[in-house]
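A.B. asks: have a look at this fold, sequence not included:
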């Protein structure tokens, strides 16, 4: 079956360190993959999009990689801050399918 | 601020009742999609509307229905509510092509008793 997996356990890191979150997928050939941030009780907020022909995308302290051979995307937050604490969701669109398939999200806590 | 507003923010219903949730899209966005998010889960795609026509649907029964209006605002209707319908319902809008980022509202928290 088709599915997306993200780190199920919460990630706790110290302020200033780099947080790395993983998104693995099976049985898809994604056209692109998106990362969103979600705070408790609020809607997701778009962060980055990476296409199937791109290896890496950066935006300020954020970096996303996409390895279609490993079927994996890594999401990095460098110089992490307590304000980065949230749940991070990955979502992919496969081919011409109009719906986004979402992972369950990974909870990140950055400790001061 | 995403420019997407949803109402109501919270509501409580009983089994068997019907509910209508509303979404006002960001200006200029002609595509709206609805998601159901249970606690601790990722969003599940319900359906998508483009220029007032449904053009994509997830694995939800027909008692989940929707509308999109000429001003691109939209509604999600759920009939014959079940306990498992309790969730956060998210509306997301975007403009144009399939690769656009989604702009989400803050959601409507539905509790079915």
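C.D. replies: Cool, got the structure. This structure is a prediction, so every number in the text was calculated from the model and none was measured.
A.B. asks: just for chain B, where's the confidence low?
C.D. replies: B:96-99 (pLDDT under 70).
A.B. asks: out of everything not next to it in sequence, what's closest to the spatially most central residue of it?
C.D. replies: By Cα atoms, centre = their mean, chain B has its centre lying nearest to residue B:34, at 3.1 Å. Nearest residue to residue B:34, sequence neighbours excluded (Cβ to Cβ, 6 or more residues apart in numbering or on different chains): residue B:46, at 4.3 Å. Quick note: C-beta positions are derived from backbone N, CA and C, even for glycine.
A.B. asks: any idea how far stretch A:104-112 is from the chain center?
C.D. replies: Centroid separation between stretch A:104-112 and its chain, computed with Cα atoms, centre = their mean, to the nearest Å, is 12 Å.
A.B. asks: quick one: buried residues of it?
C.D. replies: A:104, A:105, A:106, A:107, A:108, A:110 (16 or more other Cβ atoms under 10 Å in any protein chain shown).
A.B. asks: dump those residues into a markdown table; add pLDDT as well.
C.D. replies: Converted to a markdown table, the buried residues of stretch A:104-112 look like this (pLDDT from 0 to 100):
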| residue | pLDDT |
| --- | --- |
| A:104 | 91 |
| A:105 | 93 |
| A:106 | 95 |
| A:107 | 95 |
| A:108 | 96 |
| A:110 | 97 |
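A.B. asks: thinking again about what came up before, the residue nearest to the centre of chain B is in contact with residue B:93, isn't it?
C.D. replies: No - counting by Cβ atoms under 8 Å, residue B:93 is not a contact partner of residue B:34; they are 10.4 Å apart.
A.B. asks: now do the shared contacts for those two.
C.D. replies: residue B:23 (Cβ atoms under 8 Å, 6 or more residues apart in numbering or on different chains).
A.B. asks: count of neighbours near residue A:19?
C.D. replies: Per other Cβ atoms under 10 Å in any protein chain shown, the neighbour tally for residue A:19 reads 21.
A.B. asks: which non-adjacent residue is nearest it?
C.D. replies: Take residue A:19 and drop its neighbours on the chain: the residue closest to it by Cβ to Cβ, 6+ apart is residue A:77, 4.4 Å away.
A.B. asks: hang on, the one you found packs against residue A:17?
C.D. replies: No - between residue A:77 and residue A:17 there is no contact under Cβ under 8 Å: 9.2 Å.
A.B. asks: which one's more surrounded, these two?
C.D. replies: residue A:77 (22 against 13).
A.B. asks: list the beta-bridge partners for the more buried one.
C.D. replies: Applying DSSP bridges to residue A:77 gives these bridge partners: residue A:19, residue A:62.
A.B. asks: just residue A:89 next, same as before
C.D. replies: residue A:36.
A.B. asks: now do residue B:90
C.D. replies: residue B:35.
A.B. asks: so who does it touch?
C.D. replies: Residue B:90 touches A:43, A:44, B:6, B:34, B:35, B:36, B:37, B:43, B:104, B:105, B:107, counting by Cβ under 8 Å, 6+ apart.
A.B. asks: and the strands in chain B, which stretches?
C.D. replies: For chain B, the strands defined by DSSP state E cover B:5-7, B:10-13, B:19-24, B:31-37, B:44-50, B:53-57, B:64-68, B:74-78, B:87-94, B:103-104, B:108-112.
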